[in-house]
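Student: Build the 3D model from these lines:
(one chain, ligands or ions: 2)
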Amino acid sequence: MFARRIAVVGTGYVGLTTGACLASLGHRVVCADSDAAKVARLQAGRVTIPEPGLPELVTAGLAAGRLEFVLGATQAVGNAEVVFLCVPTPMGEGGAADLRAVESVIAEVGARLPRGCILVNKSTVPVGTAAKIAELLDRDDVAVVSNPEFLREGSAVEDFLDPDRIVVGSDAEDAAERVVALYTRLGAPSVLTDAASSELVKYAANCFLAMKLSYVNAMAELCERLGADIADVTEGMGYDRRIGQSFLRPGPGWGGSCLPKDTYALAQVARVAGVEFPLLEATIDTNTRQRQLVLGKIRAAAGGSLRGKRIGMLGLAFKAGTDDLRDSPALAVAELLAAEGAELSAYDPAISGEVPGILTTDDPYQAVKGAAVIVLLTEWPEFRGLDWGRIGEMAQAPVVDTRNHLDPDVVRLAGLAWIGIGR
Ligand SMILES: NC(=O)c1ccc[n+]([C@@H]2O[C@H](COP(=O)([O-])OP(=O)(O)OC[C@H]3O[C@@H](n4cnc5c(N)ncnc54)[C@H](O)[C@@H]3O)[C@@H](O)[C@H]2O)c1
Ligand SMILES: O=c1ccn([C@@H]2O[C@H](COP(=O)(O)OP(=O)(O)O[C@H]3O[C@H](CO)[C@@H](O)[C@H](O)[C@H]3O)[C@@H](O)[C@H]2O)c(=O)[nH]1
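Tutor: Ligands and ions are numbered 1, 2, ... in the order given. The predicted structure follows:
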């Protein structure tokens, strides 16, 4: 393998993981961010996102001199053979992806990229963005390549180093092959295609996953009406290898920094392309509805009205294993509860700071003390190990388990009613 000189712009979940992992594969990596405090922390080897294995890779990369952190993209690209863009593409107007961060990096470094270097976009972007970047760059000597990232928060390093596939797309074939070669040691299958198809793979995959979850959540509602058990239904479905067991757990709706914005972005792309995509619209609507269904369960558990009632929330993050609150279903449910006059207290093992409208505590028992209803919203393993007998003494409250995460018998043994999803 050739060790390459690589620049990574943006050191969030994707950029920092990409930089640290590529350094661990032997490449020489300079990571840049526009956030001075973040850069200073990383220069000192301090990683503040809770990704297993990431601090160790950063420490090892710094010690080996293969990983470096600098302030601003300009500082990183001067000597690079390959430049990765890993900047945010949040939801913008009308649901479309907001590409301003991508455009601003191009404006900042476009003229400074070394001759012959390859610009690789890893941010999730709509079809046509690679072409747009090439147009903005306006340089014949720099190839633009799309290389979407599929890592999940909470298992970013593992997903990066042991990926299901590598997708690389470009209209410059030679450059695309050189990008595939960066990952050779991972031994993953690669899909080499044009830039448009590569960009679309990312949305197609995320929206399919969202569709799978909306399907399961709707099926869970049906189970409740028909007296069936969603756990058994999904297990029975999942043994079919064409379906698979993963991504079949019902919940309070899917959230996070990717699935919500990417479903909206693809819906917007389809609208602009003049293609009707009712399946995708229904995927999004079903998710909005799921939060209302959860609200209804909590309201019913509270006796029909939430006004003035204390709701003890277990979990705030959008899933276990992360401290990310972006588009968290827990916060969406909290907002609906607050709108009906509920008072909210919450405990999440990964969240220590203040959350607007919610009294947060670092003690799960304090969070549920005196609650009218206890609601589990994030599937942290430690919630299973709580002393439910003690909780039963502190709050004679029904437990709405929006993830079917707890053992119903343990909760019932504590004298509390257990209310799950689809069971
Ligand atoms: N988070 C995930 O699990 C995940 C997985 C796959 C793909 N993605 C996609 O990857 C992209 C990045 O996502 P993320 O979660 O890593 O974002 P993030 O918000 O965690 O990190 C982005 C970083 O970019 C920095 N930044 C912004 N503008 C900059 C600029 N002009 N110059 C230098 N740095 C700049 C920010 O300060 C921040 O540190 C998005 O398009 C996202 O959709 C995310
Ligand atoms: O069976 C399941 C699986 C997931 N979820 C929920 O679905 C959401 C998304 O979960 P997950 O996909 O694990 O989170 P992310 O880290 O956001 O990862 C997704 O988004 C990333 C950014 O695009 C992609 O790279 C990943 O492949 C894709 O899984 C969360 O609210 C989960 O709680 C469920 O409700 N039930």
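Student: so how far is Val105 from Val77?
Tutor: As defined by CB to CB, to the nearest Å, Val77 lies at a distance of 9 Å from Val105. For glycine as for every other residue, the C-beta is placed from the backbone atoms N, C-alpha and C.
Student: hey, what's in contact with both of those two?
Tutor: Common neighbours of Val77 and Val105 are listed as Val9 (criterion: CB atoms under 8 Å, 6 or more residues apart in numbering).
Student: Looking at those two, which has the bigger crowd around it?
Tutor: Val105 (26 against 23; other CB atoms under 10 Å).
Student: for the protein, what are the low-confidence residue spans?
Tutor: 1 (pLDDT under 70).
Student: Up against ligand 2, what does it have?
Tutor: Counting by CB under 6 Å from any ligand atom, the positions of the chain adjacent to ligand 2 are 124, 149-153, 206, 209, 213, 247-249, 251, 254-256, 258-259, 318-319, 329.
Student: Just the buried ones from those residues, in ChimeraX syntax?
Tutor: In ChimeraX, a selection of the buried entries from these looks like this (16 or more other CB atoms under 10 Å):
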select :124,149,150,151,153,206,209,213,248,249,251,254,255,256,258,259,318,319,329
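Student: give me the subset of the residues of the chain next to ligand 2 touching ligand 1.
Tutor: Among the residues of the chain next to ligand 2, the ones lying near ligand 1 by CB under 6 Å from any ligand atom are Thr124, Glu149, Leu151, Arg152, Glu153, Cys258.
Student: Let's have the residues you listed in TSV, adding distance to Gly53 and secondary structure.
Tutor: Formatted as TSV, those follow (distance: CB to CB, whole Å; DSSP: H, G, I helix; E, B strand; the rest coil):
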residue	distance to Gly53	secondary structure
Thr124	23	coil
Glu149	16	coil
Leu151	12	coil
Arg152	14	coil
Glu153	13	coil
Cys258	20	coil
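Student: Between these, which sits nearest Asp324?
Tutor: Glu153 (5.7 Å; CB to CB).
Student: Now the closest one: closest residue in space, sequence neighbours ignored.
Tutor: Distances taken as CB to CB, 6 or more residues apart in numbering place Thr322 nearest to Glu153, at 4.4 Å, with adjacent residues excluded.
Student: so who does the closest residue to ligand 1 within the stretch 151-300 of the chain touch?
Tutor: The nearest approach of the stretch 151-300 of the chain to ligand 1 comes at Glu153, 4.5 Å away (CB to the nearest ligand atom). By CB under 8 Å, 6+ apart, the contact set of Glu153 is Tyr13, Glu51, Gly256, Ser257, Lys319, Gly321, Thr322, Asp324.
Student: For the first one, grab the count of nearby residues.
Tutor: With neighbours defined by other CB under 10 Å, the count for Tyr13 comes to 22.
Student: Quick check: the residue nearest to Val142 when sequence neighbours are not counted vs Arg5, distance?
Tutor: In space, and not counting its chain neighbours, Val142 is closest to Leu113: 5.2 Å by CB to CB, 6+ apart. Noted for Leu113: a distance of 12 Å to Arg5, by CB to CB.
Student: so what's in contact with these two at the same time?
Tutor: Shared contacts of Leu113 and Arg5, defined by CB under 8 Å, 6+ apart, comprise Ala80.
Student: quick one, which of those two is more surrounded?
Tutor: Shown here are Leu113 and Arg5; by other CB under 10 Å, Leu113 has more neighbours (20 against 16).
Student: Touching, that one and Val144? I think so.
Tutor: No. Between Leu113 and Val144 there is no contact under CB atoms under 8 Å: 10.6 Å.
Student: For Val355, grab the count of nearby residues.
Tutor: 18.
Student: For the nearest residue to it once chain neighbours are set aside, give me its contacts.
Tutor: Using CB to CB, 6+ apart and skipping residues adjacent in sequence, the residue nearest Val355 is Leu316, 6.3 Å away. The neighbours of Leu316, taking CB under 8 Å, 6+ apart as the test, are 325, 328, 330-331, 334, 346, 348, 351, 355, 358, 360, 377-378.
Student: same thing but 7 Å
Tutor: Leu325, Ser328, Ala330, Leu331, Ala346, Asp348, Ile351, Val355, Leu377, Thr378 (CB atoms under 7 Å, 6 or more residues apart in numbering).
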